[in-house]
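> Here is a sequence together with a model predicted from it:
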Amino acid sequence: MINKTVVTLFFMAIVTGCGIEYRDDPRCAKSNYMTFEELRDSVVVEASREIKDAGKIYVYGDILLVNEKQKGVHIIDNSDKKNPINRAFVKVLGSSDIAVKDGYMMVDSFIDLVVIDINDMSNIKEVNRTTDIFPKRVQPYYYDNICGFDLDKGVLLGVNND
């Protein structure tokens with residue numbers, strides 16, 4: 001006959017995972033991080049591209065600023081209302097909101113606030129960044145599948161189940 005203590009310990013070991021680390025648990029998604037340093041070096045002005053997942057739209061004079069969710073901002077020349085021209089894409093990872101004042105576009109970038117000079121469309125550039133202005137955050141739809149994530153490692157870009 002098996003001792004009740006042995007049976008109890010066996011089931012406790014199964015329930016607690018026998019010390020298996022989260023990264024080895026097949027039910028958990030693996031976190032893909034970008035360090036804060038990499039994030040802060042990632043703002044880049046690129047050639048225009050197709051809008052795939054539009055977020056907020058901001059109108060500033062004859063310019064339309066269209067947020068590409070979590071990716072950046074499309075700069076569209078709308079001086080000819082019948083023929084808008086997609087001029088550039090400003091890559092700002094973690095962006096979801098835009099504001100403009102006096103030719104300076106403010107964009108959130110996960111935990112930072114980035115200021116980009118758009119006064120000269122041929123010379124768009126980052127001019128300031130206020131770091132750690134927003135609380136460390138992770139996209140809510142990732143929470144359910146991540147085990148043991150650590151936001152001190154950087155920003156969470158996504159997850160995979162590989």
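Right, received. Where do you want to start?

> which residues touch K56?
Residues in contact with K56 (Cβ atoms under 8 Å, 6 or more residues apart in numbering) are V66, N67, S96, D97, I98. (Glycine included, C-beta is placed from N, CA and C.)

> Neighbour-wise, give me the winner out of these.
N67 (23 neighbours; other Cβ atoms under 10 Å).

> Now that residue. Its backbone dihedrals?
phi -70, psi 130 (degrees, to the nearest 10).

> pLDDT score for it?
Note for N67: predicted pLDDT of 97.

> which residues does M34 contact?
S42, L93, G154, V155, L157.

> what about 10 Å?
Residues in contact with M34, defined by Cβ atoms under 10 Å, 6 or more residues apart in numbering, are R40, S42, L93, G94, F110, K153, G154, V155, L156, L157, G158.

> For it, give its distance to D132.
M34 sits 15 Å away from D132, going by Cβ to Cβ, to the nearest Å.

> again with I111
I111 is 6 Å from D132, where distance means Cβ to Cβ.

> Now for those two: what residues contact both?
F36.

> Which residue of these two possesses the greater neighbour count?
I111 (20 against 10).

> picking up where we left off before, now the contacts of M34 in CSV, with distance to V59, secondary structure and pLDDT?
Formatted as CSV, the contacts of M34 follow (distance: Cβ to Cβ, whole Å; DSSP: H, G, I helix; E, B strand; the rest coil; pLDDT from 0 to 100):
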residue, distance to V59, secondary structure, pLDDT
R40, 29, helix, 93
S42, 26, coil, 93
L93, 24, coil, 94
G94, 23, coil, 91
F110, 25, coil, 90
K153, 38, helix, 77
G154, 34, coil, 79
V155, 29, strand, 78
L156, 32, strand, 73
L157, 30, strand, 73
G158, 31, strand, 66
